[in-house]
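Student: predicted coordinates and the sequence they were generated for:
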Amino acid sequence: MESEIAEPVPADGHVHTEWSWDAPTGSMARACVRARELGLPAVVFSDHADFTPWTTTPDGRRRVIGAHAASGLLDVAGYLAAVARCRERFPDLRILTGVELGEPHLFPDEAARVLRAGGFDRVVGSVHCLPEGDRLVYSPLLMDGDPLEVVRRHLAETARMVAGCDVFEVLAHLDLPALFWPADRPPFDPYALREEYARVLEPLAAGGRVLEVNTAGPWPAAPVLRWWRDHGGAAVSFGSDAHDPGDVGRGFTEAMAWARASGFRPGRTPADYWVRD
């Protein structure tokens, strides 16, 4: 864990708290304390809004989402009240509201209800799962088959989300399953999926949206930030994807160097997105 980050430091635009169903050690207040320790100019609490319950198959190997949409699994009122308390307690830290919508293109009505209730400062879009028959399955847990095909399918589903859903501003962890590449296979080669990446990046850039540098992976794969710029991408955000306060701001020093080398620089203020040179 990093004890300090050299200036200038960007905002952490992707932090989970106790209001995310998969963050049992999350704490909004402790995340604020950690952000202040690191000198972060801002933090975005982008807690999960998923629209189906997560369960486990009998073999214990796959997390599965059922096909029937649920309530969103985010207590929006409770979340907003917690943000208000933290803003009062930490007036020197810019705290933005946010939400990470899981597969919003598949659940437009449910996503719209969450957004109307929240009035969020930032909306993150994510693909975590792939259709498997009448179910949605967490894509990293399909990697014991043909892993390149899983990443290809994941990118294709992400392209469908970008094309079919305009409610999110930031695209998170673009190539999620690639991090779970089997150790007994040749290393993942993003160049083998260059066209599939382009089908995501081109419309994302054309829509004026933002690509996330997610330091939990890190995601995306190494050459993709440069491809993002080549396809007209104008901005990147940085997100730790922390599910525990100790992970806020993790990996930002390396991520900042990567973004600079890919043709991006800090925005007008420290809390802004980084923009292309």
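Tutor: Great, that's in hand.
Student: contacts, neighbours, all on C-alpha from now
Tutor: OK.
Student: how about low-confidence regions in the stretch 151-277 of the chain?
Tutor: Within the stretch 151-277 of the chain, no range satisfies pLDDT under 70.
Student: can you give me the strands in it?
Tutor: Using DSSP state E, counting those that start in this stretch, the strands found in the stretch 151-277 of the chain span residues 170-171, 210-214, 235-239, 264-265, 274-276.
Student: of all those, which one comes closest to Phe45?
Tutor: strand 235-239 (10.3 Å; Cα to Cα).
Student: what's the closest of the strands of the stretch 151-277 of the chain to Asp12?
Tutor: Of all the strands of the stretch 151-277 of the chain, it is strand 235-239 that lies closest to Asp12, at 5.0 Å by Cα to Cα.
Student: if we can go back for a sec, just put the strands of the stretch 151-277 of the chain in TSV and tack on distance to Trp227 and mean neighbour count.
Tutor: Output for those, formatted as TSV (distance: least, Cα to Cα, whole Å; neighbours: other Cα atoms under 10 Å):
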stretch	distance to Trp227	mean neighbour count
strand 170-171	15	24
strand 210-214	11	26
strand 235-239	12	26
strand 264-265	12	20
strand 274-276	12	21
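Student: among those strands, which comes closest to Ala178?
Tutor: Among those, the nearest to Ala178 by Cα to Cα is strand 210-214 (13.1 Å).
Student: which strands and helices lie in contact with that closest one?
Tutor: Applying 3 or more Cα pairs under 8 Å, 6 or more residues apart in numbering; DSSP states H and E, we find strand 210-214 packed against strand 170-171, strand 235-239.
Student: those helices in the chain, which residues are they?
Tutor: Counting by DSSP state H, one finds helices in the chain at the ranges 28-38, 76-89, 108-118, 147-164, 194-206, 224-230, 252-261.
Student: just want the angle from the first one to helix 76-89.
Tutor: In this case it means helix 28-38. Here the directions of helix 28-38 and helix 76-89 differ by 40 degrees (axes from the mean of the first three to the mean of the last three Cα atoms, to 10 degrees).
Student: contacting residues around the spatially closest residue to Pro266 that is not a sequence neighbour?
Tutor: Leaving aside its chain neighbours, Pro266 sits nearest to Trp274 (4.4 Å; criterion: Cα to Cα, 6 or more residues apart in numbering). Contacts for Trp274 (Cα atoms under 8 Å, 6 or more residues apart in numbering) come out as Pro10, Ala235, Val236, Ser237, Phe264, Arg265, Pro266, Gly267.
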